[in-house]
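J.: could you work out the structure for the sequence below:
(chains A and B)
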Amino acid sequence: MIKTRFAPSPTGQLHIGSARTALFAFLFAKHNEGEFALRIEDTDQGRSTKEFEKNILEGLDWLGINHDGEILYQSSRLEIYKSAVEKLVQNGFAVEKDGAIVLQAKEALEKLGIPLEPIKTFVGWRGEKTRENGVAYFLKNIGDDLIHGKISGAISDTVLLRSDGTPTFHLAVVIDDEEMGITHVVRGDDHLSNTPLHIILQKLFNYNIPKYAHIPMILGTDRSKLSKRHAATAVSDYKKMGYLPEALVNFMALLGWNPKDDREIFSLDDLIREFKLENVNKSGAIFDIEKLNWMNGGYIQVESPKAKVESLKDFGVDELSVGESELISRGGFKTLQEAADYITQLRKTPEYDSSLLIFKKSDKEKTNIGLKTTSEKLSNADWSEELLQKALESVVSEKNLTNGDVFWPVRVALSGAEKSPSPVELLLALGKDESIKRITKAINGLENQN
RNA sequence: GGCCCGGUCGUCUAGUGGCCUAGGAUACUUGGUUUUCAUCCAAGAGAUCAUGGGUUCGACUCCCAUCCGGGCUACCA
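T.: Sure, this is the predicted structure:
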């Protein structure tokens, strides 16, 4: 059975990139009726916190990426790593150095019968070359990657156990993946360079070598790794801004994966059904908020009225009338925040200059007739879209007015704004009492205006 | 510097040797609808397929080189 895992380190909030990696690992496992496990890599005691762990867990839960089985905590397995590395020391593949246990690349490779191809390495990075640091050994086609093909790379002497007794990432990953029975390691491209080392470790320990799938990274607008200077990076930030989990999942899935046809809208279940690793791209994808906005707007539109109420609770709107709900569906809002702000604003008694009531092709008198007649009609009207539309139209025809004498002022009276949904939509959202109240107020305002 | 990975419209992408004078989506522009805006509908613009060499009757697709970008090069993960 296929088993994948997501192994975040609780040293920060759940990052969009990590979440996408988790999503792909999850989708791959579920598509193949396998398991998706969760492991918390909290060996870096100094930087790991429970708050971050909570943020990660909640983020995954919110997105609907549910794990199977118990969560494995690396911090509870320190003794296991120690004794494993002890074996390496006994066999001469690792030695103690300044209190840390260090893998001896040369000895390890010799033991495994891998021919040595030494290359020089240097200290310093970003193009600057400082001093020679030692040797690394080049490994050609040491493994396979489901997305990139053959894996090559180099390994050098590497710290496996820190002087404080905690394992480094490389050691812990290899041991845990084996013990958890992970068959497929789905992780970000930034780990591709580490993979030769992991494979060597797996060989030294005589472990099964999992299949690897390194997925492309999510990039910022300058094509470097997505970070806070590009955009909000935490999944929880997107929740706060008013994005729906369905939209975020759908959007993230399309970053680096596609179904090989023109479809773009996928629920999590759709994705499980369609997802194939072979349809994952090799190149990184820039995180483009515009497309997320479009997608989120679409999901807000089709949300059921009940779901809308639930979604808007976090944004200061506790309940929704049928009309308000309808307004949100037609409003073209990018985020829940925008939708909620709109509703909140709508519910306040509008403040506006009475002159706005008069359409540019109308005048005070005709506007007054329009508003008064509408007010009378509405008090006996049935509150349905069709009948309200007819009611307004009948005001126009009976009083020999134009749309501008009726639709415009009614809309302004209800919304107080130059730009808003149609009067009928507003009437439905506000209800009879509130609507008549606002129109009456408008009539008074108009009369007091000179 | 070394090693690794990548490079099709601004962005996400389709394209696995002829169907490509490169398709879809988004963003953008214009028109229609709408009393206005948004929604919605339609149309348009936007990519010499990073560049240069090959291979081939024929290359976005295969090979090589170059350039550009990113990743790793920590007792972070």
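J.: partner strands of the one helix or strand in chain A whose mean pLDDT sits lowest, with direction?
T.: For chain A, counting by mean pLDDT, DSSP states H and E, strand A:118-122 ranks last in confidence among helices and strands (a mean of 78). Sheet pairing for strand A:118-122, assigned by DSSP bridges, gives strand A:132-145 (antiparallel).
J.: now the helix or strand just after the partner strand, how far from the centre of its chain.
T.: Heading C-terminal from strand A:132-145, the first helix or strand you meet, by DSSP states H and E, is strand A:149-156. Mean C-alpha position of strand A:149-156 versus that of the full chain (Cα atoms, centre = their mean, to the nearest Å) differs by 31 Å.
J.: tell me which residues of strand A:149-156 come out buried.
T.: For strand A:149-156, a neighbour-count test (16 or more other Cβ atoms under 10 Å) marks A:151, A:153-156 as buried. Bear in mind the C-beta positions are built from the backbone N, C-alpha and C, glycine included.
J.: which other helices and strands does that strand contact?
T.: Identification of packing neighbours for strand A:149-156 by 3 or more Cβ pairs under 8 Å, 6 or more residues apart in numbering; DSSP states H and E yields helix A:105-111, strand A:118-122, strand A:132-145, helix A:195-204.
J.: and the ones you listed, which is most packed in?
T.: Most buried of the helices and strands packed on strand A:149-156, by mean neighbour count (mean count of other Cβ atoms under 10 Å): helix A:195-204, with a mean of 22.
J.: that one - contacts with which helices or strands?
T.: Contacts defined by 3+ Cβ pairs under 8 Å, 6+ apart place helix A:195-204 against helix A:105-111, strand A:132-145, strand A:149-156, helix A:169-180.
J.: weakest of the ones you listed in terms of mean pLDDT?
T.: Of all the helices and strands packed on helix A:195-204, strand A:132-145 carries the lowest average pLDDT, namely a mean of 86.
J.: contact partners of that strand?
T.: A:105-106, A:109, A:114, A:116-123, A:150-157, A:192, A:195-196, A:199-200, A:209, A:211-214 (Cβ atoms under 8 Å, 6 or more residues apart in numbering).
J.: filter those by proximity to RNA strand B?
T.: Among these, the ones lying near RNA strand B by Cβ under 7 Å from any atom of the strand are A:119-123, A:150-154, A:192.
J.: among these, give me the pair with the biggest separation.
T.: Greatest spacing in these, by Cβ to Cβ: A:123 and A:150 (29.0 Å).
J.: which residues in chain A form strands?
T.: For chain A, strands defined by DSSP state E occupy the ranges A:3-6, A:35-40, A:72-73, A:94-97, A:100-103, A:118-122, A:132-145, A:149-156, A:158-161, A:184-188, A:211-215, A:218-219, A:285-286.
J.: could you dump those strands to a markdown table with distance to residue A:318?
T.: Converted to a markdown table, the strands of chain A look like this (distance: least, Cβ to Cβ, whole Å):
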| stretch | distance to residue A:318 |
| --- | --- |
| strand A:3-6 | 35 |
| strand A:35-40 | 34 |
| strand A:72-73 | 38 |
| strand A:94-97 | 61 |
| strand A:100-103 | 57 |
| strand A:118-122 | 61 |
| strand A:132-145 | 50 |
| strand A:149-156 | 54 |
| strand A:158-161 | 54 |
| strand A:184-188 | 40 |
| strand A:211-215 | 40 |
| strand A:218-219 | 35 |
| strand A:285-286 | 38 |
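J.: nearest to residue A:297, of those?
T.: Nearest to residue A:297 among the strands of chain A is strand A:285-286; the distance by Cβ to Cβ comes to 20.2 Å.
J.: partner strands of the closest one and their direction?
T.: Applying DSSP bridges to the sheet, strand A:285-286 is found paired with strand A:218-219 (parallel).
J.: what about the strand it pairs with, distance to the chain center?
T.: Offset of strand A:218-219 from its chain centre (Cα atoms, centre = their mean): 13 Å.
J.: ok, residues contacting it?
T.: With Cβ under 8 Å, 6+ apart as the criterion, strand A:218-219 contacts A:16-17, A:20, A:225-226, A:255-256, A:284-287.
J.: write the ChimeraX selection for whichever of those residues are buried.
T.: Entered in ChimeraX, the line below selects the buried ones among the contacts of strand A:218-219, by 16+ other Cβ under 10 Å:
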select /A:16,17,20,225,226,255,256,284,285,287
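J.: circling back to that earlier point, who wins for proximity to residue A:50 among the helices and strands packed on helix A:195-204?
T.: In terms of Cβ to Cβ, the element of these nearest to residue A:50 is helix A:169-180, at 19.2 Å.
J.: any idea how far the residue of the stretch 351-450 of chain A found nearest RNA strand B is from residue A:173?
T.: Closest residue of the stretch 351-450 of chain A to RNA strand B, Cβ to the nearest atom of the strand: residue A:408 (3.3 Å). Plainly put, residue A:408 is 66 Å away from residue A:173 if you go by Cβ to Cβ, to the nearest Å.
J.: could you check which of those two is surrounded by more residues?
T.: More crowded of residue A:408 and residue A:173, by other Cβ atoms under 10 Å: residue A:173, with 25 against 21.
J.: keep the contacts of strand A:218-219, but drop any that are not near RNA strand B.
T.: Counting by Cβ under 7 Å from any atom of the strand, A:225, A:255-256, A:284-286 from these sit close to RNA strand B.
J.: now distance to residue A:425 too, for those residues, in CSV please.
T.: As requested, those are arranged in CSV below (distance: Cβ to Cβ, whole Å):
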residue, distance to residue A:425
A:225, 45
A:255, 35
A:256, 40
A:284, 43
A:285, 38
A:286, 37
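J.: could I get the residues you listed as CSV with distance to residue A:245 and pLDDT?
T.: Listed next are these as CSV, based on distance: Cβ to Cβ, whole Å; pLDDT from 0 to 100:
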residue, distance to residue A:245, pLDDT
A:225, 24, 85
A:255, 16, 95
A:256, 19, 94
A:284, 24, 94
A:285, 20, 95
A:286, 22, 94
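J.: what's the closest non-adjacent residue to the most centrally placed residue in chain A?
T.: Centrality entry for chain A: nearest residue to the mean C-alpha point is residue A:248, 4.2 Å, by Cα atoms, centre = their mean. Nearest residue to residue A:248, sequence neighbours excluded (Cβ to Cβ, 6 or more residues apart in numbering): residue A:238, at 5.7 Å.
J.: tell me how many other residues crowd residue A:421.
T.: Per other Cβ under 10 Å, the neighbour tally for residue A:421 reads 19.
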